[in-house]
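A.B. asks: Just need the structure, nothing else, for what follows:
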Amino acid sequence: MKSHRAQHSIQLAVSNLSVTEAFYAGILELPVQRSLTAIGAPDHLVLDMDGIALVFVEEDDVIRAHPVLANRFSMFPRGIGVTLHFEIKDIESISDAITEENLEILYPLEIKPYGVKEMWCFDPDGYLVVLDEARENNKKAGT
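C.D. replies: Below you'll find the model as predicted:
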């Protein structure tokens, strides 16, 4: 049984669910939920969005369930080739929190010519995260 309502999902392996939860729910203020799991099933986090869910599972739990993947996890670092895009609110405060936590920033906060405030950073597991917020005058104009 699925732990989310979304029709589609993407599962991402992470090193520590609590750290992941602190980043996505705490810093980015996204609606991340801890799953209700059956006894013996691995704990995980769900970010349920319109039609798609991101499911975060600890890498050790994935390897326990699928030992054949252990070698692949050791060959390839987490996050390579994955970029997650989120539209957020209060990007200035989030940028400050990311800086305070010493998380790696690829492109610092700036206003783009197409009218959004944007920054690129890495989450604690190395997944590239693009954050943007529409500027107030663009929100009113509907762009």
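
A.B. asks: contacting residues for the most centrally placed residue in the chain?
C.D. replies: What sits nearest the mean C-alpha location of the chain, by Cα atoms, centre = their mean, is residue 24, with 5.5 Å. When the contact criterion is Cβ atoms under 8 Å, 6 or more residues apart in numbering, the partners of residue 24 are 30, 32, 45, 47, 56, 123. Quick note: C-beta positions are derived from backbone N, CA and C, even for glycine.

A.B. asks: Can I take it that it is in a helix?
C.D. replies: Yes: with DSSP: H, G, I helix; E, B strand; the rest coil as the criterion, residue 24 is assigned to a helix.

A.B. asks: Buried members of the contacts of residue 24 into PyMOL, please.
C.D. replies: In PyMOL syntax, the buried subset of these is picked out as below (16 or more other Cβ atoms under 10 Å):
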select buried, resi 32+45+47+56+123
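
A.B. asks: Now render the contacts of residue 24 as TSV, adding secondary structure, pLDDT and distance to residue 77.
C.D. replies: TSV is the format used below for these (DSSP: H, G, I helix; E, B strand; the rest coil; pLDDT from 0 to 100; distance: Cβ to Cβ, whole Å):
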residue	secondary structure	pLDDT	distance to residue 77
30	coil	95	23
32	strand	95	23
45	strand	95	20
47	strand	94	22
56	strand	95	16
123	coil	96	13
